[in-house]
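J.: Predicted model, plus sequence, below.
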Amino acid sequence: MGLPITLSEIAPRISAGAFILNSGLGKRGADADAAAGMHGFAASTYPFLKSVAPQQFVQGLATTEIVLGAALLTPFVPTFAAGAALTAFSGGLLGLYLKTPGMRKPGSLAPTEQGLSLAKDSWLVGIGIGLMTRGLIERRPRVTVRKADKRARKQARRAAREARRSAR
């Protein structure tokens, strides 16, 4: 039995997984000021986060990033599942970019200088959607060339038998 990923999935999983894992590992030791800054920024866009303590928010974010990064780097995690998790996570990041005032040029999706660091998360959404799509395609049973040839030969033999029967 092979791995649940294909060669074409390795590069996007490694690039996104290593990036996110590194980000999560870096947040583990965040001091109170850094935690307050990250929490304040996120809570200004997502008000439901205001009820979460800044240090708890950062620890949850770090844990989420570590788990997601590790899942993307682990070849035994199915492609669709890894892609769905990445899409959900990066969708939240992209929401920060789209909803936070000053991140985009007026009337445009183009980032301002301040928004550039968030706009780059769009590549994570693209990778996530690509992995989900690949995971859906791979769920369908593959018909290999050998199986297709075998089927064609079997159908040809049947057709020949039928032709001989009808000729009698």
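T.: Structure's in. What do you need?
J.: Over the longest helix seen in the chain, what's the mean pLDDT, rounded is fine.
T.: In the chain, taking DSSP state H as the definition, the longest helix is helix 145-167. Taken as a whole, helix 145-167 has a mean pLDDT of 79.
J.: now that helix: how far from the chain's centre is it?
T.: Centroid separation for helix 145-167 versus its chain: 44 Å, with Cα atoms, centre = their mean, to the nearest Å.
J.: Now do the contacts for the closest residue to Gly115 other than its chain neighbours.
T.: Spatially, and ignoring its direct neighbours in sequence, Gly115 is nearest to Met103 (3.2 Å; Cβ to Cβ, 6 or more residues apart in numbering). Any C-beta I mention is one placed from the backbone N, CA and C, and that applies to glycine too. Residues in contact with Met103, defined by Cβ atoms under 8 Å, 6 or more residues apart in numbering, are 96-97, 111-112, 114-115, 118-119.
J.: Which strand or helix spans the residue most central in space within the chain?
T.: Note on the chain: the residue nearest the mean C-alpha position is Gly128, at 2.5 Å, using Cα atoms, centre = their mean. If you go by DSSP states H and E, Gly128 is part of helix 122-139.
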